[in-house]
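Participant: Need a 3D model of the following:
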Amino acid sequence: MPIVLVHGVNNPKSPGYRAGVELTGRFLKQCFEGAAINGKSFGQVGEPEFPYWGDLATKFAWNMASLPKGSTQSLGAKEPEFRAFLATVKDALPAKAFGGEPLLALAKQDFGQAVELIASLAIEQASEEREAEVAEFAAATQAYAEDNAAPPWLQNLTTDDQLLGNLSLAVTRESVVQAQGLDDVINAVKTAATKLRGAATDLIGEAVDHAGDFASTKLVGWTRAPLNENLGRFFGDVFIYLDTRGNREAPGAIPNAVLAGYDKANTLAGEPFVVIGHSLGGVISFDLLSHYRPDLEVDLFVSVGSQVAHFEEMKLYHTSDESIGAPAKASTPANIKHWINLYDEVDIFSYSCAEIFDRVDVDEHYDTKTYVVKAHSEYFKQARFYKRLREYVDQLG
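Facilitator: Residues are numbered from 1 along each chain as shown. Have a look, this model is predicted:
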């Protein structure tokens, strides 16, 4: 189908990769069904293309052993991703809420945010044989939360396990999700929730200061290891891409992989051609569309949590013009007919574009409601992101 999504950095085909692709594909089909862009309309939306270049990206000879391991990190050595969860909800919940059931505490404060977290945990814990079921569960639970912001059964619950059980019962009762295979999905999420609960319980004494509030400095320290790892992989992939991208006459391996995805997707005459780039995938897409394939008409370019404008400021594209700077703006490639750029201000890898390029239809903040370490990877897991995207698409006219 004429929709292609180019992924960003740090995207190995590890457990959860296919489940994430399944979920994103479901959401994209729903998002663009019946959409009209640049005078063209979608019919029945088929499967999007996901060109993969992660196997061509950075490899670390010592598995990132160069990252420092100081006392702050060793203080919270258990479950760094789950420890970091504390940082994202510390302003929404009192410290005492983490004494036993953090998922339930968050659900009673913000049911939608809790369900998004549960869906994300399900994707990350997905086994290869349950990827389709996990994607279906993640989509269905978010749809349920959108229709039931405060379900009546929630207030009487006392444990995270009860929350997960009632949530799975609710979506199967409405025949949104098939019960077969759901037990395995729920058990995987319960395992993840147990780790979260253990991290919260073990560290709560160290995370709270004398006034009973979360000690922000320690929370920041605890998130340093996963943040450093993400930064290391990001810069590594940037260096690899720039060093091996080649040029129009002789494209490198990564451009060739993505261009093949474009050509495969852009096959239905009369329907809009949409290119979505996440993170470095947005940079790669902009580079390819402006230099390698300026003949390829793109009805809509969507950059999400991306560095497109940042790279133009550094004049790193083949088409960058060193003579253009503030207050003038760089030219948006003529073959990009419409452009939507979305970013989360918490996501340190995301940038706005409207002050850099002369033609950006939408340049808006989207709140993933997560923390610095996690925000960059959450956009495409959240049903409300696609709802927001469709609103912007419909505004294009």
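Participant: where do the strands sit along the protein?
Facilitator: Ranges of strands within the chain are 3-6, 36-37, 40-41, 274-278, 300-304, 339-343, 362-365, based on DSSP state E.
Participant: I'd like to know which of the ones you listed lies nearest to residue 24.
Facilitator: strand 3-6 (6.7 Å; Cβ to Cβ). Heads up, the C-betas are built off the backbone N, CA and C, glycines and all.
Participant: which residues sit against that closest one?
Facilitator: Strand 3-6 is contacted by residues 24, 28, 32, 45, 48-51, 53, 258, 261-262, 264-266, 274-278, 281-282, 284-285, 380 when judged by Cβ atoms under 8 Å, 6 or more residues apart in numbering.
Participant: Which PyMOL command selects the buried ones in those residues?
Facilitator: Those of the contacts of strand 3-6 that count as buried under 16 or more other Cβ atoms under 10 Å are selected in PyMOL with:
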select buried, resi 24+28+32+45+48+49+50+51+53+258+261+262+265+266+274+275+276+277+278+281+282+284+285+380
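Participant: And the strands of the chain, which one averages the lowest pLDDT?
Facilitator: Note on the strands of the chain: strand 40-41 shows the lowest mean pLDDT, a mean of 92.
Participant: what's the burial count for residue 68?
Facilitator: Neighbour count for residue 68, taken as other Cβ atoms under 10 Å: 9.
Participant: State the distance from it to residue 237.
Facilitator: Distance, residue 68 to residue 237, using Cβ to Cβ, to the nearest Å: 21 Å.
Participant: try residue 48
Facilitator: Following Cβ to Cβ, the distance that separates residue 48 from residue 237 is 22 Å.
Participant: quick one: low-confidence parts of the stretch 201-350 of the chain?
Facilitator: Along the stretch 201-350 of the chain, segments meeting pLDDT under 70 span 201-227.
Participant: What segments of it are helices?
Facilitator: Assigned by DSSP state H, counting those that start in this stretch, the stretch 201-350 of the chain shows helices spanning 216-222, 224-244, 253-265, 280-287, 308-313.
Participant: helices or strands up against the shortest one?
Facilitator: With contacts defined as 3 or more Cβ pairs under 8 Å, 6 or more residues apart in numbering; DSSP states H and E, the secondary structure elements packing on helix 308-313 are helix 280-287.
Participant: The third one now?
Facilitator: For helix 253-265, the contact count by 3+ Cβ pairs under 8 Å, 6+ apart identifies strand 3-6, helix 224-244, helix 280-287 as packing neighbours.
Participant: and it, C-alpha only, in PDB?
Facilitator: What follows is helix 253-265, C-alpha atoms only, in PDB (Å, rounded to 0.1, in the frame of the first residue of the first chain):
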ATOM      1  CA  ALA A 253      23.300   0.200   1.800                       C
ATOM      2  CA  ILE A 254      20.900   2.100   4.100                       C
ATOM      3  CA  PRO A 255      19.600   4.400   1.300                       C
ATOM      4  CA  ASN A 256      19.100   1.400  -1.000                       C
ATOM      5  CA  ALA A 257      17.100  -0.500   1.700                       C
ATOM      6  CA  VAL A 258      14.800   2.500   2.300                       C
ATOM      7  CA  LEU A 259      14.400   3.400  -1.500                       C
ATOM      8  CA  ALA A 260      13.400  -0.200  -2.100                       C
ATOM      9  CA  GLY A 261      10.600   0.200   0.400                       C
ATOM     10  CA  TYR A 262       9.500   3.400  -1.200                       C
ATOM     11  CA  ASP A 263       9.300   1.700  -4.600                       C
ATOM     12  CA  LYS A 264       7.400  -1.200  -3.300                       C
ATOM     13  CA  ALA A 265       4.900   0.900  -1.400                       C
END
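Participant: Which residues are in contact with the residue nearest to residue 150 when sequence neighbours are not counted?
Facilitator: Once flanking residues are discounted, residue 150 sits nearest to residue 111: 6.1 Å by Cβ to Cβ, 6 or more residues apart in numbering. With contact taken as Cβ under 8 Å, 6+ apart, residue 111 is in contact with 145, 148, 149, 150, 151, 154.
Participant: which among those end up buried?
Facilitator: Using 16+ other Cβ under 10 Å as the burial test, the contacts of residue 111 include 145, 148, 151, 154 as buried.
Participant: Just give me the closest of these to residue 232.
Facilitator: residue 145 (34.7 Å).
Participant: now that closest one: how far from residue 9?
Facilitator: Distance, residue 145 to residue 9, using Cβ to Cβ: 29 Å.
Participant: how near is the nearest residue to residue 188 once chain neighbours are set aside to residue 184?
Facilitator: With sequence-adjacent residues excluded and distances taken as Cβ to Cβ, 6+ apart, residue 188 is closest to residue 125, at 4.0 Å. Distance, residue 125 to residue 184, using Cβ to Cβ: 10 Å.
Participant: Looking at those two, which is more packed in?
Facilitator: Under the criterion of other Cβ under 10 Å, the comparison of residue 125 against residue 184 puts residue 125 first, with 21 against 15.
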